[in-house]
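# Show me the folded form of this:
(one chain, ligands or ions: 2)
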Amino acid sequence: MNILGIETSCDETAASVVRNGRDILSNVVISSLKEHSRYGGIIPEIASRRQMELIHLVVSEALSTAKLSLKNIDAIAATSSPGLIGSLLVGISFARSLSFAAKKPLIEVDHIKAHLYASFLKTPRNESAPPKLPAVGLVVSGGHSSLFYIKDFKRIKLLGQTRDDAAGETFDKVARMLKLGYPGGPAIDLLAQREKKSPLRFPCAQIRNSYDFSFSGIKTAVLYYLRDNEKKSKLGIDKIAYAFQNSIIKVLVEKSIAACQEKKVKTLLVGGGVACNSGLRKLLTDAAKQCHINVFFPPLTLCLDNAAMIAGLAYHL
Ligand code: KG4
Ligand code: ZN
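Ligands and ions are numbered 1, 2, ... in the order given. From the prediction side, this is the model:
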């Protein structure tokens, strides 16, 4: 079964054809990120205008790369929520029209659940068997930080989520304070890789007996540190980046492992842009190994927003 997936929940215009839920025949992503960077965040109006211009081209490209025409497509899938409303409207309206005109079924897909699916897709570097369910899933992106219990892809239960900022949003806001540009996650990650320790401590709020997160306090801790130490600080930006990143990833690792233990599952799926973070990948892999848990990180391109995860999950829906 060939499914055409469409994803337009944030700044990306993406389309992909996935066969039988695993084989990626094409995966086209065009981002308008550069057009937003001077504003320090995504401007919804710019994103949706670009998506209107690009959607036809991106879908055509996905079909031609897959060497298929619309008549070889069995179903059309599109992200229906959550996301920027104008951006979602472009993708879902295009998908609905195409489904109506081509007489193909339309499958609406939840963007966050699709991030959990990314580790099930086959890539040249991942030909291995799919992860085993049930699993715990951690989605950490610019808009979300959530933990799930996944019995199967129709039965996904939310265990906890952020009460304020998302993890990626926190990386972006702290990067802005450090004048590292937008998006800030990759820049902080690079600086943190230069360090192995830091005398600084930026604590994250501990929400006990809950799988909820809170990341807004750590932003304020970094802000006050920068304000109070602007002149006298001899500590470089690398040490700040390291201490900040470590504090965030420690909470993510602790809660993910605790959820696996409580739910007695041996599979942990990670997805979303922050899953690209090298510190998180290492710490979580080490912690999971100690607890005999198999942790799955998608390749970097599939951690970020893409339509292959939409088409892949749609196959199971
Ligand atoms: O999943 P995604 O592409 O979009 C959303 O659905 O939000 O995630 C984008 C987020 C941004 O906040 C970006 O700063 C963060 O992922 N990110 C990272 C890294 N790469 C991207 N955060 C930390 N370390 C990284 N290496
Ligand atoms: Zn996303």
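# and residue 292, how many neighbours?
By the measure other CB atoms under 10 Å, the count of residues near residue 292 is 8. Quick note: C-beta positions are derived from backbone N, CA and C, even for glycine.
# What of the one 4 residues further on?
By other CB under 10 Å, 22 other residues sit near residue 296.
# try the one 4 residues further on
For residue 300, the tally of surrounding residues (other CB under 10 Å) stands at 13.
# now it, nearest residue through space, not along the chain?
Distances taken as CB to CB, 6 or more residues apart in numbering place residue 276 nearest to residue 300, at 5.0 Å, with adjacent residues excluded.
# Any figure for the gap between that neighbour and residue 309?
Shown here: residue 276 relative to residue 309, a distance of 14 Å by CB to CB, to the nearest Å.
# out of those two, which sits in the busier spot?
More neighbours surround residue 309 than the other of residue 276 and residue 309, with 33 against 21 (other CB under 10 Å).
# show me where the stretch 201-317 of the chain has strands.
Per DSSP state E, counting those that start in this stretch, the stretch 201-317 of the chain carries strands over the ranges 267-271, 294-296.
# Relative to the whole chain's centre, how far out is the last one?
Averaging C-alpha coordinates over strand 294-296 and over its chain gives two centres that are 16 Å apart (CA atoms, centre = their mean, to the nearest Å).
# Flag every buried residue along the helix ranked longest in the chain.
Looking only at the chain and at elements set by DSSP state H, the helix with the highest residue count is helix 237-263. Using 16 or more other CB atoms under 10 Å as the burial criterion, the residues of helix 237-263 that qualify are 237-253, 255-257, 259-260.
# From the contact counts, what lies against it?
strand 135-140, strand 145-152, strand 155-161, helix 167-177, helix 185-192, helix 216-229, strand 267-271, helix 278-290 (3 or more CB pairs under 8 Å, 6 or more residues apart in numbering; DSSP states H and E).
# what's the distance between it and the middle of its chain?
16 Å.
# hmm, that helix touching ligand 1?
No: counting by CB under 6 Å from any ligand atom, no contacts exist between helix 237-263 and ligand 1, the nearest distance being 7.5 Å.
# quick one: that helix to strand 145-152, angle?
Here helix 237-263 runs at 30 degrees with respect to strand 145-152, directions being taken by axes from the mean of the first three to the mean of the last three CA atoms, to 10 degrees.
# Could you shift the numbering so residue one becomes 461, and keep it that way?
From this message on, residue numbering opens at 461, which makes the last subject helix 697-723.
# what is the mean pLDDT for helix 697-723?
Helix 697-723 carries an average pLDDT of 97.
# Could you tell me the angle between it and strand 595-600?
For helix 697-723 and strand 595-600, the angle between their directions (the same axes, to 10 degrees) works out to 150 degrees.
# end to end, how far does stretch 743-763 reach?
Between the opening and closing residues of stretch 743-763 there is a gap of 17 Å (CA to CA, to the nearest Å).
# quick one: contacts of it?
487, 489, 575, 578-579, 581, 583, 585-586, 591-592, 709-710, 712-713, 716-717, 720-721, 725-733, 735-736, 741, 768-769 (CB atoms under 8 Å, 6 or more residues apart in numbering).
# Just the buried positions in that stretch, please.
By neighbour count with 16+ other CB under 10 Å, stretch 743-763 contains the buried residues 743, 744, 747, 748, 753, 755, 756, 757, 758, 762, 763.
# so which of the residues you listed comes closest to ligand 2?
The shortest gap between ligand 2 and any of the buried residues of stretch 743-763 belongs to residue 763, at 8.8 Å (CB to the ion).
# For that closest one, give its distance to residue 501.
Computed with CB to CB, the distance linking residue 763 and residue 501 is 20 Å.
# Also residue 478?
Following CB to CB, the distance that separates residue 478 from residue 501 is 31 Å.
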